[in-house]
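Colleague: only geometry, no sequence info:
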Ligand SMILES: *Cc1c(COP(=O)(O)O)cnc(C)c1O
C-alpha cells in the first residue's frame, strides 16, 4: 500500500462486492441467481442512435479531438432540449458543458468548486457517488435527511446552523435513486430559496428526468426564476436512452461554475468521442418515442412487482419514475439481513438500503432491470420463502 494515497485508502468500502462474491459462489453451485442490484438499464440503445454512431464514426474528421467543452452541435442540442422539455433558454456556449457521463461531471465539479474542509449537503438516502466525490475532493459530506413520511423532500430543519455556515454546495436528485421519489416544481422553488438564503450552490442530478410514467413529468431546477444564479443541473443519456456504456451527459446552469468545471476538466480529459456526441445530439433531438417505449416497459415491471409486494405484505411507495422500487423490509429484519435472506433463500440480489446512507436502513432497492418473466420468477420464489421466520 506504500504507493496508494490516503484519499483512496480512506474511501468507504464497496458494499456490493460481498453480494457479488456470494453470487459467483451460488452460480457455481448451479443456482439461477437473479440480480436486481444493478442500477443500469438492461434494454438496448435505440437503433437510430446506434446507426448515427456507425455513420459518424466512418468520417475521418470525427476521429480528432473534440473541443474541450464538447461539440457545439451537442451543446446546442442540449439547449434546444431544455427549451422544448422545460421552456428554459440556455446559452449553449456559456451555460452548457458536455461531460463524460454525469458521474464524471459530478466528481470533477467537486474539485472545481470545493476548498479543503468545505461542507456539502448530500441526500440521505442518496446515490453513494456523491459522498465519495466530496471525499476525493477534500470536502466533507453532511447528510441531508429525507424520509418516507415527507415524500423524500429535503428536511432542511435537520441541518444545524453551524454546519450550514460551512456548507458550500447542496446535492439533490429527483426522480431519485434509490428511493424513486419524484417531486413537483415547489420542491425546487424551495430548494433555490434555501440555497439563496444560505449562499449555497444547488447541484441537481437529473439522471432520471425523462424516465417517468403514470402521466408524471419531471420539472427542472432551471425552471425556477433566478436558478442560474445558484444552481447547476446534470443530465445524462444513460438511463433515458439506455446509453450507460457510451459515457455522455451534460451540465447546465450557472456560468461561473460551468466555466470553472470546464477549466478543471480541460486539464484532465478532452471530452468525448465526436461520433458519440453526434449520436447523443440526435437522441436529444428525437421525438422521444424510444424513451416513451422504455418507460412503458419499466412501468409494467414496476406494476407487476408492486402488486406482488402488496400481496406479500411488503410496503413500498408506488413510484412515478426511475428504474427502481424502494421497499420496506418486513418486521424483524435489517436492510442487510433481508438482502441476505433474499439471496440465500430466493437467489435474488437486491441492494440493502443502508448502502445509500443511514436513513436508508430498513429498506431495500430493487432495480427493475430484468424482464417481467424474470420478475415473475422472483415473485414466485418470494411467495415460497417464509419472511416471517426471522433468521439471525
Ligand atoms: C446512473 C446514475 C448516474 C450516472 O449517470 P452517468 O451519466 O452514466 O454517469 C448519475 N446519477 C444517478 C442518481 C444515477 O442513478
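Modeller: That came in fine, so what should we check first? Because the structure is a prediction, the values reported are computed rather than measured.
Colleague: mind checking which helix or strand of this protein has the lowest mean pLDDT?
Modeller: Lowest mean confidence among the helices and strands of the chain (mean pLDDT, DSSP states H and E): helix 17-28, at a mean of 87.
Colleague: helices of the chain, start to end?
Modeller: All helices of the chain, identified by DSSP state H, fall at 6-9, 17-28, 47-57, 72-86, 102-113, 128-136, 161-166, 185-197, 227-230, 255-266, 274-284, 289-312, 335-346, 372-384.
Colleague: out of those helices, which is closest to residue 362?
Modeller: Residue 362 sits nearest to helix 335-346 of all the helices of the chain, at 6.2 Å, using Cβ to Cβ. For every residue, glycine as well, the C-beta is placed using N, CA and C.
Colleague: how about the closest one: buried residues?
Modeller: By neighbour count on 16 or more other Cβ atoms under 10 Å, the buried set for helix 335-346 is 335, 336, 338, 339, 340, 341, 342, 343, 345, 346.
Colleague: now the angle from it to helix 17-28?
Modeller: Angle of helix 335-346 versus helix 17-28, following axes from the mean of the first three to the mean of the last three Cα atoms, to 10 degrees, is 10 degrees.
Colleague: so what does helix 335-346 touch, helix or strand wise?
Modeller: Contacting helix 335-346 under the criterion 3 or more Cβ pairs under 8 Å, 6 or more residues apart in numbering; DSSP states H and E are the following elements: helix 17-28, strand 348-349, strand 351-352, strand 363-367, helix 372-384.
Colleague: now tabulate the helices of the chain in a markdown table and tack on distance to residue 216.
Modeller: Formatted as a markdown table, the helices of the chain follow (distance: least, Cβ to Cβ, whole Å):
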| stretch | distance to residue 216 |
| --- | --- |
| helix 6-9 | 40 |
| helix 17-28 | 31 |
| helix 47-57 | 25 |
| helix 72-86 | 14 |
| helix 102-113 | 21 |
| helix 128-136 | 24 |
| helix 161-166 | 31 |
| helix 185-197 | 12 |
| helix 227-230 | 21 |
| helix 255-266 | 29 |
| helix 274-284 | 20 |
| helix 289-312 | 10 |
| helix 335-346 | 27 |
| helix 372-384 | 21 |
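Colleague: what does the least confident helix or strand of the chain contact?
Modeller: 33, 35, 37, 339, 343, 347, 349 (Cβ atoms under 8 Å, 6 or more residues apart in numbering).
Colleague: confidence score at the last one?
Modeller: Note on residue 349: pLDDT of 96.
Colleague: for the stretch 51-200 of the chain, which residues are neighbours of the ligand?
Modeller: For the stretch 51-200 of the chain, the contact set with the ligand under Cβ under 6 Å from any ligand atom comprises 101, 102, 103, 127, 173, 177.
Colleague: residues contacting the last one?
Modeller: Right, residue 177. For residue 177, the contact set (Cβ under 8 Å, 6+ apart) comprises 39, 126, 127, 207, 208, 322, 324, 365.
Colleague: of all pairs in those residues, which one is the farthest apart?
Modeller: So, these by Cβ to Cβ: farthest apart are 207 and 365, at 14.6 Å.
Colleague: picking up where we left off before, let me know the closest of the contacts of residue 177 to residue 219.
Modeller: When those are compared for distance to residue 219 (Cβ to Cβ), residue 208 wins out at 12.6 Å.
Colleague: give me the phi and psi angles of the closest residue to the closest one other than its chain neighbours.
Modeller: If the residues on either side of it in the chain are set aside, residue 208 comes closest to residue 175, at 4.0 Å by Cβ to Cβ, 6 or more residues apart in numbering. Note on residue 175: its backbone torsions stand at phi -50, psi 140 [degrees, to the nearest 10].
Colleague: from residue 325, how far off is residue 238?
Modeller: Residue 238 sits 19 Å away from residue 325, taking Cβ to Cβ, to the nearest Å as the criterion.
Colleague: highest neighbour count among the contacts of helix 17-28?
Modeller: Within the contacts of helix 17-28, residue 339 tops the neighbour count with 26 neighbours, counted by other Cβ atoms under 10 Å.
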